[in-house]
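A.B. asks: With the input below, show me the fold.
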Amino acid sequence: LHLLENCKVSLGLLGHILDTAPPKLRFVLAARRPVDLDLPILKNGQQTLTVNNEELALAEREIAELYNDILLVPVAGQTVRKLYEATEGWTMGLLLAAQTLEKKGGLSIGAEGERGHLRDYLQAEIFTGIPKELHSTLLRLSWLEQIPVVLAVKLSEVADVGIKLSELSRKNFFVRSLDEKDRVFRFHHLFQEYLQQRAEQELSQKEIQEILGQAAAWCLEEGRSEEALGYYLKAQDYEALERVLEKEGMALYGMGRSGTLMGILRGVPEEEVQRRGYLSFFFGLALMNHDPPRALPYLENAREVFAAERNAVGELLALCQMIHFLLYINCEYDKGTPLLRRAEEIFQEIQFFLEERAQIDVLLNLSGGHSYFEGELDAACSFAQRALDMTEKHVVNYQVVLARFKIGMAYCFAGEWNALIKEIEKTFTIFGNPHIASLYKLWLYYLPLNYYAVSGDVEKFKYLVDHLRETLKRDLVIGSAAEPFNLLFENDGQLGLG
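C.D. replies: The predicted structure is shown next:
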């Protein structure tokens, strides 16, 4: 129908056919984009049903039925998921992908052979239908995951690019608006990949890196550091990536973005990670949440790099995470004293040059080190209380948990049971806080566990031990991180109970 918008004779004929058709005759009318045709029966007909792109897109269940029952191309769950993610349920894309899948017996989304038919279709049916003056603009914008109009103007140097993107979206040229006011757009994934392939042919590598660099710089100006990291990764600008991590990395980690950091740093070549202190440090830091046994070598490497560069802040951060690893991952307390003394020495020299989140992290690890490595409980409580005062002032959720835990454990070691009971009571509201990860909440269970052990409350002690075991079974990552500590506290408690 989109081809008939300005064809009055054809529209008249179509209108006549629709008006005079037998009541039980049904018509299926298709258009690439929403159209406004001067046909009363389409505008006012009570039996007219309009189906848009979202409703036409096939869900995963429907894709499975299409392939298995109609096309007779067997697919399992994982392949169905890949098909859905690649095509977003677009029927033509699914049909084209089925041709290759049937021939090869497997799907490799993104491979040259898989995308040949799709690329030809996008070239013939989509790209050639877009005004040529927009081709260069689209190639440049194809490197953006989302396309804010403000950034699009900067990258394309086309003042009305927002209007042009709105027109393409309205005409269904694989451009989608992400908000009601048409301020942010994105390309259909397949179309974006096609544009990027063309861009790699028509633009130099330097031009593409400049586009990605401009996008990253804009994201930093807008406070969107995660997106900036992604663009620097695509540009292979690891120096800029490290600068952003140095400035924003601890804040991102504090907001629970360790998975994001892990995803980005896994895309960096290993040799770059090894030779750049902050890349190695944040990789090790992220690994402590996702693959704890692999974390320590990266933290040790980061410390060596920082020490060689005379970067006291970096060395202190690496030392503190190494202390954290010894405290809570492998429990090798006999190796911690040299790290603790060096960390405390650096902290005394530079503490006022650290941003507050970093200060809190250092204070918490110094507190833990004094408790477990040296048994210096007064120092441990002092450092933990300083950290708690700062966390409550700035509402740093996960660090509040760690501060409460370390103060409580110092009371345990000192035998100050009334103080411990009050500290346990202060933790009750934390368990209902959805902004605090389960791993951090887990540590708070050890405070009442210790208390029940020393007070001889066998029933409550055993109940809490069983509850912890079930919790660890449900989450492999949490179980891996917490199991050594769990065994230590459980055995300690059993000894306390006799």
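
A.B. asks: could you pull out the helices for the stretch 351-498 of the chain?
C.D. replies: Secondary structure of the stretch 351-498 of the chain (DSSP state H, counting those that start in this stretch): helices at 356-369, 377-394, 397-414, 417-426, 438-444, 446-455, 458-474, 476-497.

A.B. asks: Can you add mean pLDDT, distance to Asp291 and mean neighbour count and give these back as a markdown table?
C.D. replies: Yep, even glycine has a C-beta here, placed from its N, CA and C like the rest. Output for the helices of the stretch 351-498 of the chain, formatted as a markdown table (pLDDT from 0 to 100; distance: least, C-beta to C-beta, whole Å; neighbours: other C-beta atoms under 10 Å):
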| stretch | mean pLDDT | distance to Asp291 | mean neighbour count |
| --- | --- | --- | --- |
| helix 356-369 | 88 | 21 | 24 |
| helix 377-394 | 82 | 27 | 19 |
| helix 397-414 | 77 | 19 | 23 |
| helix 417-426 | 86 | 32 | 15 |
| helix 438-444 | 74 | 13 | 19 |
| helix 446-455 | 81 | 23 | 21 |
| helix 458-474 | 79 | 16 | 14 |
| helix 476-497 | 62 | 8 | 16 |
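
A.B. asks: wait, which of these is closest to Leu178?
C.D. replies: helix 397-414 (29.5 Å; C-beta to C-beta).

A.B. asks: list the helices and strands that closest one packs on?
C.D. replies: helix 356-369, helix 377-394, helix 417-426, helix 438-444, helix 446-455 (3 or more C-beta pairs under 8 Å, 6 or more residues apart in numbering; DSSP states H and E).

A.B. asks: These into CSV, with extra columns for distance to Ala215?
C.D. replies: Putting the helices and strands packed on helix 397-414 into CSV (distance: least, C-beta to C-beta, whole Å) gives the following:
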stretch, distance to Ala215
helix 356-369, 27
helix 377-394, 31
helix 417-426, 45
helix 438-444, 33
helix 446-455, 45
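
A.B. asks: Please name the residues that touch Gly284.
C.D. replies: For Gly284, the contact set (C-beta atoms under 8 Å, 6 or more residues apart in numbering) comprises 295-299, 301-302, 318, 321.

A.B. asks: Give the buried subset of those residues as a PyMOL selection command.
C.D. replies: Command for PyMOL that selects the buried part of the contacts of Gly284, burial taken from 16 or more other C-beta atoms under 10 Å:
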select buried, resi 295+296+298+299+301+302+318+321
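
A.B. asks: From the contacts of Gly284, pick the one nearest Val153.
C.D. replies: Checking the contacts of Gly284 one by one against Val153 (C-beta to C-beta), the nearest turns out to be Ala302, at 39.8 Å.

A.B. asks: mind listing what the closest one touches?
C.D. replies: Neighbours of Ala302 in contact, by C-beta under 8 Å, 6+ apart: 277-278, 280-281, 284, 314, 318.

A.B. asks: need the next SSE after the host helix or strand of it, C-terminal direction.
C.D. replies: Using DSSP states H and E, Ala302 falls within helix 295-308. Going down the chain from helix 295-308, the next helix or strand is helix 312-328, by DSSP H and E.

A.B. asks: Average pLDDT for that following helix, rounded please.
C.D. replies: Mean pLDDT, helix 312-328: 93.

A.B. asks: again, but for stretch 177-184
C.D. replies: 89.

A.B. asks: Residues in contact with it: which ones?
C.D. replies: Outside stretch 177-184, the residues within contact range by C-beta under 8 Å, 6+ apart are 146-150, 162, 165-166, 169, 185-186.

A.B. asks: List the buried residues in it.
C.D. replies: Applying 16+ other C-beta under 10 Å to stretch 177-184 flags 177, 182, 184 as buried.

A.B. asks: Identify, from those, the entry nearest to Arg61.
C.D. replies: For the buried residues of stretch 177-184, the nearest to Arg61 is Ser177 (27.3 Å; C-beta to C-beta).

A.B. asks: And the closest one, how close does it get to Phe191?
C.D. replies: 15 Å (C-beta to C-beta, to the nearest Å).

A.B. asks: Please apply the same query to Leu49.
C.D. replies: 28 Å.

A.B. asks: Let's see which of the buried residues of stretch 177-184 end up in strands.
C.D. replies: If you go by DSSP state E, the buried residues of stretch 177-184 have 177, 184 in strands.

A.B. asks: any chance of the buried residues of stretch 177-184 in a markdown table, with distance to Glu226 too?
C.D. replies: Formatted as a markdown table, the buried residues of stretch 177-184 follow (distance: C-beta to C-beta, whole Å):
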| residue | distance to Glu226 |
| --- | --- |
| Ser177 | 22 |
| Asp182 | 24 |
| Val184 | 16 |
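
A.B. asks: Looking at the buried residues of stretch 177-184, which one is closest to Gln385?
C.D. replies: Closest to Gln385, out of all of those and judged by C-beta to C-beta, is Val184, at 45.4 Å.

A.B. asks: bridging residues for that closest one?
C.D. replies: Applying DSSP bridges to Val184 yields these beta-bridge partners: Pro148.

A.B. asks: Please enumerate the helices of the stretch 101-250 of the chain.
C.D. replies: Going by DSSP H, counting those that start in this stretch, the stretch 101-250 of the chain shows helices at 112-121, 135-141, 149-156, 161-170, 189-202, 205-221, 225-234, 238-254.

A.B. asks: mind putting the ones you listed in a markdown table, mean neighbour count included?
C.D. replies: Shown next, in a markdown table, are those (neighbours: other C-beta atoms under 10 Å):
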| stretch | mean neighbour count |
| --- | --- |
| helix 112-121 | 16 |
| helix 135-141 | 21 |
| helix 149-156 | 18 |
| helix 161-170 | 19 |
| helix 189-202 | 18 |
| helix 205-221 | 18 |
| helix 225-234 | 22 |
| helix 238-254 | 19 |
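
A.B. asks: weakest of the ones you listed by average pLDDT?
C.D. replies: helix 112-121 (a mean of 54).

A.B. asks: Just name the closest of the contacts of Gly284 to Phe428, please.
C.D. replies: Nearest to Phe428 among the contacts of Gly284, with distances taken as C-beta to C-beta, is Gln321, at 29.1 Å.

A.B. asks: Confirm for me that that closest one is in contact with Tyr298.
C.D. replies: No - Gln321 lies out of contact with Tyr298 (C-beta atoms under 8 Å); the separation is 9.4 Å.

A.B. asks: In contact with Leu447, which residues?
C.D. replies: Applying C-beta under 8 Å, 6+ apart, the residues near Leu447 are 405, 408-409, 412, 420, 423-424, 427.

A.B. asks: Thanks a lot, see you next time.
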